[in-house]
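>>> 3D model of this:
(one chain, ligands or ions: 1)
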Amino acid sequence: ERIVAAGADDLERAAEAALRPRRLEEFVGQAVVRDQLSLVLQAALARGSSPDHVLLSGPPGLGKTTLAMIIAAELGTSLRVTSGPAIQHAGDLAAVLSSLEEGEVLFIDEIHRLARPAEELLYMAMEDFRVDVVVGKGAGASAIPLSLPPFTAVGATTRAGLLPAPLRDRFGFTGHLDFYSSDELERVLARSAGLLGVSLDADAAREIAGRSRGTPRIANRLLRRVRDWAQVRGDGSMDLAAARAALEVYEVDPIGLDRLDRAVLTALCTRFNGGPVGLTTLAVTVGEEAETVETVAEPYLVREGLIGRTPRGRVATPAAWAHLGLTPPREGGT
Ligand code: ADP
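Numbers count the residues shown, from 1 in each chain. A predicted model of the protein is given here:
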């Protein structure tokens, strides 16, 4: 796994659990979504009813799961967790839905990956608080309607546009999470350091934030690695020198690029003179699958304005040459 990957595995989820904000007021940044959500929740609490269903969209690691947990905590209810890929059949979802208790929050991660029949069952459950449980098979099958207690569905998706419109329309509130500013990440890091019981210098926090790709999950992960370095090779203090030394060990550069990102950029500039070059050729040159380059390295390089996509292939921008400390070839040159 790459240290700058935005996703998390189960082991990391355990380390993350300790750092999760529990209440809305602890949730750093995302001021707009936080404010809107706070209104939705307070209104529901005042009415004594379940709030509208909530859809959270945005890239991995920005706090969708955390917000789902916060929603349940703020409502004083419990959270049930499932995900699109975990639901193989509509019956699996019917089982989860029919076991919900009144007012509970059902979190469906990666909701855009639900299979069609499950999706249709979910529309009905969200709209009418009802599911049809199918008993029997083939011609003898019949649907028994089952009414559900009111609940709140919280869906998370990396792109709201991936959801079919009928499902999207069932959510009364959609919050879009954006990448965090360096300032916000510094606040996330300061909070996390406090929870870990370690002291983190402000300039070390700024250094880590700058390498975290706008993503709290990555910031917290880098913080744990800096803590390791400070304990094992340093004197325990998390200062700027420790942060730089640790992140050098993990090959995370000052703007958060890792070895693969830099290999792609370097190949593009030095082997292909800045492009344009096709994705497949570029991938072969760095010894990776085209899909890996496209999904793992490219999005961040494009977002940072280091790579451009053109109809004739990928091109290095002036910022890419500058970042590598190279001089771009002159216009009309070789
Ligand atoms: P997602 O579900 O969007 O992939 P998570 O909610 O699992 O992201 O967040 C990943 C990690 O980042 C969690 O450990 C959480 O503690 C931290 N995190 C995310 N957003 C924030 C935030 N706004 N403030 C503090 N920590 C955050």
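>>> so which strand or helix has Ala153?
Take DSSP states H and E as the rule and Ala153 turns out to sit in strand 152-157.
>>> what about whatever residue of the stretch 1-150 of the chain ends up closest to the ligand, distance to Val188?
Nearest residue of the stretch 1-150 of the chain to the ligand: Gly63, at 2.7 Å (C-beta to the nearest ligand atom). Where you see a C-beta, it was placed from the backbone N, CA and C, and this is true even at glycine. Noted for Gly63: a distance of 9 Å to Val188, by C-beta to C-beta, to the nearest Å.
>>> next one: Gly175
As judged by C-beta to C-beta, Gly175 and Val188 stand 18 Å apart.
>>> of those two, who's got more company?
Neighbours of Gly175 and Val188, each counted by other C-beta atoms under 10 Å, are more numerous for Val188; the result is 26 against 21.
>>> for that one, give me its contacts.
Contact analysis of Val188 by C-beta atoms under 8 Å, 6 or more residues apart in numbering lists 28-29, 180, 216, 219-220.
>>> any idea which helix or strand carries it?
For Val188, the enclosing helix or strand under DSSP H and E is helix 182-196.
>>> quick check: next helix or strand after that helix?
With elements assigned by DSSP H and E, the helix or strand that comes after helix 182-196 is helix 202-210.
>>> give the buried residues for whichever helix or strand comes after that following helix.
Sequence order places helix 216-232 as the next helix or strand after helix 202-210, per DSSP H and E. By neighbour count, with 16 or more other C-beta atoms under 10 Å as the criterion, the buried positions of helix 216-232 are 216-227, 229-230.
>>> ok, which of these also contact the ligand?
Among those, the ones lying near the ligand by C-beta under 6 Å from any ligand atom are 216-217, 220.
>>> neighbours of the closest residue to Asp183 other than its chain neighbours, how many?
Across the structure, with C-beta to C-beta, 6 or more residues apart in numbering as the measure, the residue nearest Asp183 apart from its sequence neighbours is Ala209 (7.8 Å). Counted by other C-beta under 10 Å, the residues lying close to Ala209 total 27.
>>> Ala209 and Ala190 touch, don't they?
No. Distance between Ala209 and Ala190: 9.9 Å, which falls outside the contact criterion (C-beta atoms under 8 Å).
>>> the ligand contacts on this structure?
Residues of the chain lying close to the ligand (C-beta under 6 Å from any ligand atom) are 16, 19-21, 27-30, 60-66, 156, 188, 216-217, 220.
>>> where in the protein is pLDDT low?
For the chain, applying pLDDT under 70 flags the ranges 331-334.
>>> okay, which residue is most central for it?
A centroid search over the chain (C-alpha atoms, centre = their mean) returns Pro60, at 1.2 Å, as the residue closest to the centre.
>>> what's it in contact with, if anything?
Pro60 sits next to 6-8, 158, 215, 217 when contact means C-beta under 8 Å, 6+ apart.
>>> what strand or helix carries the nearest residue to Asp228 once chain neighbours are set aside?
Once its chain neighbours are removed from consideration, Asp228 has its nearest residue in Ala246; the separation is 7.2 Å (C-beta to C-beta, 6+ apart). Counting by DSSP H and E, the element that carries Ala246 is helix 240-249.
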